[in-house]
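Undergrad: Using only what follows, build the 3D model:
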Amino acid sequence: MSAKGMHAARTARQAPASPADARQEARSRRIVLGSLAAFALIVLVMNGFLITMAAKTWTGLAVEGAYERGLNYNQTLEQARAQAALGWQMETSFSSSAPSEGRLDVTLRDGAGRPISGAELEVVLVRPTQAGSDFRAYLNGVGSGTYQAELTFPAAGVWDAYLAVRAGKDSYQWRERLLVR
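TA: Numbering: from 1, shown residues only. Presented below is the predicted three-dimensional model:
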């Protein structure tokens, strides 16, 4: 078939048979183009919404004072070595007494397994999923190296308890995850 014949065959196939077919074909093209434009618009709107929400809710910091913590890293390592050398053992338990309330019990023993009494224990409770709910409490000694605190939480859920112990010139830190019902 010659080039002239191929062009005529192609033109014949593309031409609609009637005006109704031409309208149907134009309508089909508009539906496809409109659907594609609507899809692109939905994607753009959703991306804009997600970017806006991310920018409004993310502080940009994974840890507060990250630069200062980095500068003090050698001091942090030395404190960890000193804490390991103490050989202290800490056992914690939390029991709920009512919704969002409970008692934190901490038992503290030295390297030989003897109870450590007369220490000062402080706990900072941090909600890992929600900023602004953190609070601090002090535990009271009840004897035999056991310390307790009655706690009332602003909300039920998972909380991180950061315990700090001071006994004389020694200090000890511990982190425990609590489930408050």
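
Undergrad: going forward, measure contacts and count neighbours with C-alpha atoms only.
TA: Will do.

Undergrad: immediately after the helix ranked longest in the chain, which helix or strand?
TA: Among the segments of the chain that qualify as a helix by DSSP state H, the longest is helix 19-57. Proceeding N to C from helix 19-57, the next assigned helix or strand is helix 66-71, under DSSP states H and E.

Undergrad: model confidence over stretch 127-144, on average?
TA: Per-residue pLDDT values over stretch 127-144 give a mean of 90.

Undergrad: mind listing what's buried in it?
TA: Across stretch 127-144, burial judged by 16 or more other C-alpha atoms under 10 Å covers Arg127, Asp134, Tyr138, Leu139, Asn140, Gly141.

Undergrad: just to revisit the earlier point, I'd like the distance from the longest helix of the chain to the chain centre, please.
TA: A distance of 34 Å separates the centroid of the chain from that of helix 19-57, by C-alpha atoms, centre = their mean, to the nearest Å.

Undergrad: Tell me which other helices or strands that helix touches.
TA: Of the remaining helices and strands, none touches helix 19-57 by 3 or more C-alpha pairs under 8 Å, 6 or more residues apart in numbering; DSSP states H and E.

Undergrad: separation between Leu36 and Val43?
TA: From Leu36 across to Val43, the span is 11 Å (C-alpha to C-alpha, to the nearest Å).

Undergrad: Over to Ala161?
TA: Ala161 is 42 Å from Val43, by C-alpha to C-alpha.
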